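Need the 3D shape of this:
(chains A, B, C and D)
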2 protein chains.
Amino acid sequence: MSQSPWQPISPPKPPRPAKEPLTRDRIVDAAMRLIVEHGYDAVSMRKIAQELGTGPASLYAHVASKSELNQLLVDRAAAQMKLGGRPDPGRWQEQLKDYMREMLRVMRANPGVARAAIGQVPLGEQALLGNEKLLGILKAGNLPDQAAAWAADLIPLYVTAVAFEETVQNASAWTPEDVARFVGEMRAYFEGLPAERFPLTVALASALTAGTGHDERFEFALSVITAGLAAMAED
Amino acid sequence: MSQSPWQPISPPKPPRPAKEPLTRDRIVDAAMRLIVEHGYDAVSMRKIAQELGTGPASLYAHVASKSELNQLLVDRAAAQMKLGGRPDPGRWQEQLKDYMREMLRVMRANPGVARAAIGQVPLGEQALLGNEKLLGILKAGNLPDQAAAWAADLIPLYVTAVAFEETVQNASAWTPEDVARFVGEMRAYFEGLPAERFPLTVALASALTAGTGHDERFEFALSVITAGLAAMAED
DNA sequence: ACCTGAACACCGTTCAAGT
DNA sequence: ACCTGAACACCGTTCAAGT
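Okay, here's the model as predicted:
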């Protein structure tokens, strides 16, 4: 019954077992699929497990907690950032804006990741590579070390907050028409406020409700931040 | 048996019923107590109900949903903002910074509210009064209408994101020593990264981990935003 | 009109037991 | 070593039934 000793080759096995073993990567894959397709709230340990044909308890052999899973998701998304060319002192301001635009693009392409990212120190490899690139641009702009470091904190925080805000709004499955109607109602609401107490809100009602859903508001913020940082460059 | 017509005073009732009736205000009071004492995650419809000696279903007669409750909490906190004097073109930049500092102070005094506020259009009366004040300061700085309006979007979003980030960190019940240790470990981690791939992260390790827990990082952001806006003032 | 108990359809995490 | 079923201690919301 014992195996013959001169049989060095392991007996033929099915090349792939019917059920692939659980791995960290397969878990993150499944979570990424869920978060992109159905948003942050649709990602639960139970749903991920179901997607993988197992129970929630099985995941904990590979992932310590949901919070660790969030970190892994953030790093997966960070890997999608196209970081462009070398930092160039001659056009660092435009490079900085492009970096922020690219970061927002990736977060939009991965809805729910912003929610997972907010309030987390990014320590994953891909996130750190992005940060390194950002620091390069800021130093190309001649910012002092401390200013560059704090700017590298401010910038991702702001972009993440914008992306998160958008996903909260998109979560309600509104059509563009619904959004347009809501913006119209908001404008009418501002215009109808008592002008003695809310003079500027009434007067600026149309400016306050402009640029929603477009990128104008974001572009404005890019200009503010870039100009503010430029004022801090060493000469 | 019928009441005599010359009895104009209603029959003596117990001055207060043993159980006060549920009201929107009492619900928000209880939620505010919970959120300030135990953080956002401790606020559930069930816990609020328990606090009020009833069941969760009873709340829905006065509050449509948890999201509506969040809006009410945000407005409660907004009422605590001290809005200071009149907008003054001579010192609008300092007033703007004070506004942001005051907003952060209130959010810190009401942990969890930042989490409730993020991604919500503030339409409550108190929140709108704050916004009106902010617009006044921005217009005192001679910003064009559209710039003032978008700045009034950018500023609360940033301050809320900072406050939210802090509450996420504070949620883990870390002592100041724990935080100090974590910051030290992070710095060591940055310093130990491969210098070929992460030259700036390694070189700036101490700047990157400076100012945590203090207000220096926030003050830096105030300067950037204020300087950036000043560059957009009409002359 | 307001309140309630009970239920529905979910969560993240733990743990003893299996292979 | 890895996986599993079952349980623990929770969620937000709905609804028929009571007062």
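
Would you pull up the residue in chain A closest to DNA strand D?
residue A:57 (2.7 Å; C-beta to the nearest atom of the strand). Heads up, the C-betas are built off the backbone N, CA and C, glycines and all.

Output the lowest mean pLDDT helix or strand found in chain A.
helix A:113-117 (a mean of 84; mean pLDDT, DSSP states H and E).

Please parse chain A into its domains.
Chain A breaks down into these domains under automatic domain parsing: A:24-63, A:82-230.

Dump the ones you listed to CSV, plus distance to residue B:176 and mean neighbour count.
Formatted as CSV, these follow (distance: least, C-beta to C-beta, whole Å; neighbours: other C-beta atoms under 10 Å in any protein chain shown):
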stretch, distance to residue B:176, mean neighbour count
domain A:24-63, 30, 16
domain A:82-230, 17, 18
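
right, and the ones you listed - which one's nearest residue B:137?
Nearest of those to residue B:137, taken as C-beta to C-beta: domain A:82-230 at 10.1 Å.

show me where chain A has helices.
Applying DSSP state H to chain A gives helices spanning A:24-38, A:45-51, A:56-59, A:66-78, A:92-109, A:113-117, A:125-140, A:145-170, A:176-191, A:199-203, A:205-208, A:216-230.

Adding distance to chain B, write those out as CSV.
Converted to CSV, the helices of chain A look like this (distance: least, C-beta to the nearest C-beta, whole Å):
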stretch, distance to chain B
helix A:24-38, 17
helix A:45-51, 17
helix A:56-59, 20
helix A:66-78, 10
helix A:92-109, 12
helix A:113-117, 9
helix A:125-140, 4
helix A:145-170, 3
helix A:176-191, 7
helix A:199-203, 4
helix A:205-208, 4
helix A:216-230, 3
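
now the residue of chain A closest to DNA strand D: how far from residue A:27?
Distance of residue A:57 to residue A:27, given as C-beta to C-beta, to the nearest Å: 13 Å.

likewise residue A:97?
On the measure of C-beta to C-beta, residue A:97 and residue A:27 end up 36 Å apart.

and what of residue A:193?
50 Å.

likewise residue A:86?
Distance of residue A:86 to residue A:27, given as C-beta to C-beta: 36 Å.

Let me have the helices of chain A in TSV, adding distance to residue B:73 as columns.
Listed next are the helices of chain A as TSV, based on distance: least, C-beta to C-beta, whole Å:
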stretch	distance to residue B:73
helix A:24-38	27
helix A:45-51	28
helix A:56-59	32
helix A:66-78	24
helix A:92-109	27
helix A:113-117	19
helix A:125-140	32
helix A:145-170	16
helix A:176-191	21
helix A:199-203	22
helix A:205-208	23
helix A:216-230	26
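
Looking at the ones you listed, which is nearest to residue B:231?
helix A:216-230 (4.2 Å).

Dump that closest one to CSV, restricted to CA.
Extracted in CSV, the C-alpha atoms of helix A:216-230 (Å, rounded to 0.1, in the frame of the first residue of the first chain):
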residue,chain,number,x,y,z
GLU,A,216,-14.7,74.0,-12.2
ARG,A,217,-14.9,73.9,-8.4
PHE,A,218,-12.0,71.5,-8.3
GLU,A,219,-10.0,73.5,-10.7
PHE,A,220,-10.6,76.6,-8.6
ALA,A,221,-9.2,74.7,-5.5
LEU,A,222,-6.2,73.6,-7.5
SER,A,223,-5.4,77.2,-8.3
VAL,A,224,-5.9,78.4,-4.7
ILE,A,225,-3.6,75.7,-3.3
THR,A,226,-1.0,76.1,-6.0
ALA,A,227,-0.9,79.9,-5.7
GLY,A,228,-0.7,79.6,-1.9
LEU,A,229,2.2,77.2,-2.1
ALA,A,230,4.0,79.3,-4.7
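
Start and end of stretch A:198-209, how far apart?
16 Å (C-alpha to C-alpha, to the nearest Å).

again with stretch A:107-119
Termini of stretch A:107-119 sit 15 Å apart (C-alpha to C-alpha).

circling back: what's the separation between the closest residue in space to the residue of chain A closest to DNA strand D that isn't next to it in sequence and residue B:107?
Closest residue in space to residue A:57, ignoring its immediate chain neighbours: residue A:49 at 8.0 Å, by C-beta to C-beta, 6 or more residues apart in numbering or on different chains. The spacing between residue A:49 and residue B:107, counted by C-beta to C-beta, is 36 Å.

cool, and residue A:217?
22 Å.

right, and residue A:150 touches residue B:211 too?
Yes: using C-beta atoms under 8 Å, residue A:150 is in contact with residue B:211, at 6.8 Å.

Report the set of residues contacting both of the two.
Contact criterion C-beta atoms under 8 Å, 6 or more residues apart in numbering or on different chains; residues shared by residue A:150 and residue B:211: B:217, B:220.

do the least confident helix or strand of chain A and DNA strand C meet at all?
No: judged by C-beta under 7 Å from any atom of the strand, helix A:113-117 stays clear of DNA strand C, getting no closer than 11.5 Å.

Quick check: which helices or strands does that helix pack against?
When contacts are defined as 3 or more C-beta pairs under 8 Å, 6 or more residues apart in numbering or on different chains; DSSP states H and E, helix A:113-117 sits against helix A:66-78, helix A:92-109, helix A:145-170.

okay, these in CSV with distance to residue B:21 and mean pLDDT next?
Output for these, formatted as CSV (distance: least, C-beta to C-beta, whole Å; pLDDT from 0 to 100):
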stretch, distance to residue B:21, mean pLDDT
helix A:66-78, 40, 90
helix A:92-109, 46, 95
helix A:145-170, 34, 90
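
Close to DNA strand D: what parts of chain A are there?
That would be A:19, A:21-22, A:54-58, A:60-62, which are the residues of chain A within reach of DNA strand D (C-beta under 7 Å from any atom of the strand).

at 6 Å instead, please
Within chain A, the positions near DNA strand D by C-beta under 6 Å from any atom of the strand are A:21-22, A:54-55, A:57-58, A:61.

Which one among the residues you listed sits at the bottom for pLDDT?
The lowest pLDDT within those belongs to residue A:21, which sits at 84.

Counting neighbours, what do you get for that one?
Neighbour count for residue A:21, taken as other C-beta atoms under 10 Å in any protein chain shown: 7.
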